[in-house]
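**Q** need coordinates for the below:
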Amino acid sequence: MKIAAVGFNCVDIYENLQRLYPTGNGIDFVIHMSRFGLQTSVVSVVGDDEYGQLMIDTLKKEGIELSHLREEAGNTAVIKMQLNGNDRVHGELLEGVMKDFSLTSDDIEFLKEFDYVHTDLFGKVIDLLPTIRSNGSKVIFDFSTYHHKPEIKTILPHVNYAFFSYDQHDEYIEEFMKKAKSHGPKIVTVTIGENGSLSYDGTTFYKEAAIEVDVVNTVGAGDSFIAGFMFGVVNGFSVQDCLKNGAKTAAGVIAKFEPY
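**A** Now for the predicted structure:
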């Protein structure tokens with residue numbers, strides 16, 4: 001089973017804490033999948049600076065294949081972060097070399113070799129999702145908290161597994177999940193923080209509680225949940241057990257500072 005993360009990557013920097021780490025939705029996801037023992041790759045770009053080298057060194061250490069992680073002259077993308085209690089707050093984004101990132105024809109052909117491809121709204125590959133899926137690759141899309149964006153309904157037809165984040169289980173989110181499912185994904189899943197998670201497969205809503213832990217930093221909770229959930233999918237777990245594995249993986253992340 002081959003899994004790739006394509007698009008956005010960055011280094012999160014907490015200047016007041018003097019701490020930083022390489023990350024990005026797809027980066028966090030693919031590190032977990034590699035730790036689960038799956039064959040993984042990253043298709044993206046980093047700068048020729050110390051942060052770019054940190055990203056490369058970290059991913060190599062995790063056993064991730066990097067033949068299509070380009071290194072270009074310039075700065076690696078950076079997000080300035082803060083902690084509000086134990087909840088992360090995203091600050092200024094400095095895109096650096098990610099600003100002009102686009103897939104090459106060789107990247108696209110490479111991605112067609114994968115069973116699953118993960119991306120998000122900032123990956124700069126949305127227009128290419130139909131091409132990526134044309135050889136049978138399944139698309140995992142992390143929409144994060146952006147359930148109000150109008151372009152969602154044009155993306156969902158090209159997605160197999162759609163993930164969103166919300167803050168509670170209510171009538172609005174159930175109706176939203178039904179509409180999202182009607183656009184094409186096989187399963188729509190919403191993480192709802194300390195209230196657990198929900199999945200909808202077109203006929204049934206599945207709900208799983210979050211696992212209580214002492215929270216250090218919520219960064220990476222959603223990304224690690226998606227990794228745990230998708231590990232269940234690729235191994236034929238039931239939807240309920242996929243949710244349980246997602247909750248277990250996320251609980252292990254929020255109990256420490258780094259997102260993996």
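**Q** and the nearest residue in space to S197 that is not next to it in sequence, how many neighbours?
**A** Nearest-residue entry for S197: T191, 4.8 Å, with adjacent residues in sequence omitted and distances by C-beta to C-beta, 6 or more residues apart in numbering. From N, CA and C alone the C-beta is placed, and that goes for glycine too. T191: 26 surrounding residues under other C-beta atoms under 10 Å.
**Q** same check, this time on A221
**A** Around A221 sit 25 other residues, with neighbours defined as other C-beta under 10 Å.
**Q** do the same with G252
**A** Other residues within reach of G252, judged by other C-beta under 10 Å, total 15.
**Q** for it, give its distance to N245.
**A** Summarising the geometry, the distance separating G252 from N245, computed by C-beta to C-beta, to the nearest Å, is 11 Å.
**Q** before we move on, what SS does L54 have?
**A** Three-state assignment for L54 (DSSP: H, G, I helix; E, B strand; the rest coil): helix.
**Q** burial count for the spatially closest residue to it that is not a sequence neighbour?
**A** By the measure of C-beta to C-beta, 6+ apart, the closest residue to L54 outside its immediate chain neighbours is P22, 5.6 Å from it. As a burial measure, P22 scores 25 neighbours (other C-beta under 10 Å).
**Q** check E95 too.
**A** So E95, with other C-beta under 10 Å, has 17 neighbours.
**Q** if I pick it, what's in contact with it?
**A** Applying C-beta atoms under 8 Å, 6 or more residues apart in numbering, one finds that E95 lies in contact with A77.
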